[in-house]
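[1] Give me coordinates for this.
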Amino acid sequence: MARPSKSRPPNRHASPHHPNNTCSTSVDDDSNKNGNKEQYEDALDDVHTRFLLNLPNEELESSDRIFFQLEQAYWFYDDFYCDSNEELHRFPHLKAFCQRMFSFSPLLQPLKKNFDGMWEEFNAYKRSISVFGTILLNSDCTKLV
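    As a prediction, this is how the structure comes out:
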């Protein structure tokens, strides 16, 4: 399997609705265009290995830690696999990717029945984290400083 290039900068503007997106967004993520299931499975296996397989056991006991890892895996899959292979399934959002990984990963399969509760815990936790940002403008508010 060809590994994705690490030198390419991530595309943080990737979206299933982006005009340059030609990846499949079908609900049935196992039926890729042109029967490209092997490449799809290889990509899932790669992100599983990179982001989940070597997690310490205590990380796998926390839904927050699992979903933060899955979020990193989601962006990696989207940025490095979907952007370079338009035939791969592009997940419309993080939750869909996480649901697929809970089915795909032998580490997560035992937790699959608890997915909805774990997802809600994760989202509640994420909403509780304060995130602040600022921009500096000139006095006319016409230029960034």
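
[2] Would you mind confirming that Met118 is in contact with Leu111?
    Yes - counting by CB atoms under 8 Å, Leu111 is a contact partner of Met118 at 6.8 Å. Bear in mind the C-beta positions are built from the backbone N, C-alpha and C, glycine included.

[3] Show me which of these two is the more surrounded one.
    Shown here are Met118 and Leu111; by other CB atoms under 10 Å, Met118 has more neighbours (19 against 16).

[4] what sits against Lys95?
    Trp119 (CB atoms under 8 Å, 6 or more residues apart in numbering).

[5] Can you classify it by secondary structure?
    Assigned with DSSP: H, G, I helix; E, B strand; the rest coil, Lys95 falls in the helix class.

[6] per-residue pLDDT, it?
    Confidence at Lys95, expressed as pLDDT, is 97.

[7] That one and Ile135, how far apart?
    Distance of Lys95 to Ile135, given as CB to CB, to the nearest Å: 30 Å.

[8] Quick check, Phe97 in contact with Tyr77.
    Yes - with contact defined as CB under 8 Å, Phe97 counts as touching Tyr77 (7.0 Å).
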